[in-house]
Structure formats: C-alpha cells, structure tokens
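J.: what shape does this take:
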Amino acid sequence: WRGKWMIATFVVAFIVLAIGYLSVAKEKWTSNAIIAQPDAAQIATYSNALNILYGSAAPSMLDIQTRAIGRFNSSFSALSQALENQEDPEKLTIAPTSTGQPLPLSVSYTSTSAEAAQKQLAQYIQQVDEQTAKELALDLKDNIKEQIKTLNDSLQNQEKVAQEQKDLRIKQIAEALKNAEAAKITSPQLQQTQDVTQETLFLLGSEGLKSMIDNEASRPLVFPTAYYQTKRNLLDIQNLNVNPDTIHVYRYVMKPDLPVRRDSPKKAVILVLAVLLGGMIGSGVV
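T.: Below is the predicted model of the structure:
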C-alpha cells in the first residue's frame, strides 16, 4: 500500500499512452446495405427488347431478373477482389444475407469515417450497376446484329425461292405454248379454266399462253405470309435501341446505412486494458 503512488503513476502513464494511441490510430467504420433482384420496371426496356428480338423464345421476366442480379454479384465480387489486392487495400464485401438463400445480398464497405463508408459504398454499388447495365446493352447489340443477319438471310432465301417459282411457272407456260403452236391451237379449247392442269395447259391456246407469259414476266414476286412477318420482325429489331441508363440490375432492400459504432479501435476496451496493464506492471515494480 505504501507504493500506491508508484502503481497509480504507472496506471496514469498507460492511460496517457492509450489516449495517445486512440488519437493517432486509424478508425474503421463499416456501412452496410442489402440488395435484391431488380423490379420488373427497372429492367423493362431490356426485357421488351429481348421479347422483340426472340419472340416466344425470349426468357421470362423472372429469368432476366435472376440473371441481372447474378451478373451484378459477379462484377461486385470482382471489384471487391481488385480493391483487396491494392497497395492500400480496401474492404468491400458481398455475401448472401441468409445461409442457403442466394438472395437478398448483403454488401458492406469499411472506411475511416462513418460518412465516408456510407458514401463510398453507395458509389461502388452505383458503379457496378452502371457497368453491368452497359455490359447487358452491349450483349444485346451483338445479339441484334446476329438476329438482323439471320433475318436478312431468311428474306434472301425466300426471295430466291419465289424467283425460282416464278421462273418455273414461266417455263411451264412456255412449254405449253410450244405444244399449242405444234397442235395449231390459237384459241382456248376449255370453258372451265379452273380445271386446267399442267398437261392440259396447252388447250388455252397460243394467244392466251403468250399473254400469260407476258403477265407472269411483269408480275412482282409473290411471297408467303411468313415473308412479310419476317420483314416486320427485321424492321422492329433494326429500330431497337436500348439506353443503358434505363437498365438497373439491383433493388435496394436497405440503402447504405450510416454506422453509429466504429469497428476499431474500441475506446472502452483499450482504456480498460491500459488500466489493468498499468496496475499489473506498477505492482510488479513495487
């Protein structure tokens, strides 16, 4: 007990050291947010474009929402890894909120102040959202190019078939004309023209067959209904232009919060340890 002032001196000294450490130690504050898959309205332009592009083969809205948040998760994880590998590492994390459930996702960021952590986390979420939206828009443009090429090829094939059908029809009439001239039939020998077949076509007479050849040669190509549907689809796809700014691949369940308790250093714990350590060392010296 006679050495109580020595012990008190050590305790005070260690408290001063602890306060000095607390004044220079880098504080750590963590802001948290919870996100889930985007609402239908947030990704409507992208979904509508896919419906125009692929029709009945387009993925469902739920599939699009799931893929969007999946790409967001992958990009956010890649950013987290990149920040961790910096010379001055930053702690950015993303993980499912509940074990065994892929959604919602919990994201967090640790900084030197509460305000900085909240602001930076919101910026990183927005950055990854914009990046993912641009990637989706770029993929869509590539798909549009491929689909336009496919539809143009289909139109060309249908036009080629229609031209071949027209040429074949003219050849058939020309062959019938030869038979009619050989048989010296100039006027129609049939009263019911709907009963005419390829074998009896020459009975229409050479004059009628010549008119038919001229008519067939001047007629535009005849296309099936599928041709015009394909052309309509092509025009719709050519007019597609999805702005990445209209695509959002996540939805906030909880926006980045402003932390009220810092992660470290723990002021109360350090001061208690300083008192205990000072008392122990002081007692040892006494």
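J.: pLDDT (mean, whole number) over the helix or strand where residue 168 lies?
T.: Residue 168 is part of helix 114-182, with elements assigned from DSSP states H and E. Mean per-residue pLDDT for helix 114-182: 91.
J.: from here on, call the first residue 4.
T.: OK, 4 is where the count begins now, so the last one is helix 117-185.
J.: ok now that helix, how far from the chain's centre?
T.: Put simply, helix 117-185 sits 19 Å off its chain's centre (CA atoms, centre = their mean, to the nearest Å).
J.: what does stretch 71-89 give?
T.: Distance of stretch 71-89 from its chain centroid, counting by CA atoms, centre = their mean, is 16 Å.
J.: try stretch 223-235
T.: Average the C-alpha atoms of stretch 223-235, do the same for its chain, and the two points are 33 Å apart (CA atoms, centre = their mean).
J.: which other residues reach it?
T.: Outside of stretch 223-235, the residues within contact range by CB atoms under 8 Å, 6 or more residues apart in numbering are 154, 157-158, 161-162, 165-166, 168-169. The C-beta positions use only the backbone N, C-alpha and C, and glycine is treated the same way.
J.: closest to residue 139 out of those?
T.: Of all those, residue 154 has the smallest distance to residue 139: 22.0 Å, by CB to CB.
J.: show the contacting residues for that closest one.
T.: Taking CB under 8 Å, 6+ apart, we find residue 154 in contact with 233, 236-237, 240.
J.: now do the helices in the stretch 4-153 of the chain.
T.: 7-27, 47-57, 64-87, 117-185 (DSSP state H, counting those that start in this stretch).
J.: those into CSV, with extra columns for distance to residue 258?
T.: Listed next are those as CSV, based on distance: least, CB to CB, whole Å:
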stretch, distance to residue 258
helix 7-27, 31
helix 47-57, 22
helix 64-87, 16
helix 117-185, 7
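J.: low-confidence ranges in the stretch 4-153 of the chain?
T.: Within the stretch 4-153 of the chain, the ranges that satisfy pLDDT under 70 run 25, 27-28.
J.: how close does residue 128 sit to residue 93?
T.: Between residue 128 and residue 93 the computed distance is 14 Å (CB to CB, to the nearest Å).
J.: quick one, which of those two is more surrounded?
T.: When residue 128 and residue 93 are compared on other CB atoms under 10 Å, the one with more neighbours turns out to be residue 128, at 22 against 16.
J.: mind listing what that one touches?
T.: For residue 128, the set of contacting residues under the criterion of CB under 8 Å, 6+ apart consists of 36, 38, 79, 110, 253, 259.
J.: next: residue 13.
T.: For residue 13, the contacting residues are 281-282, 284-285, 288, taking CB under 8 Å, 6+ apart as the criterion.
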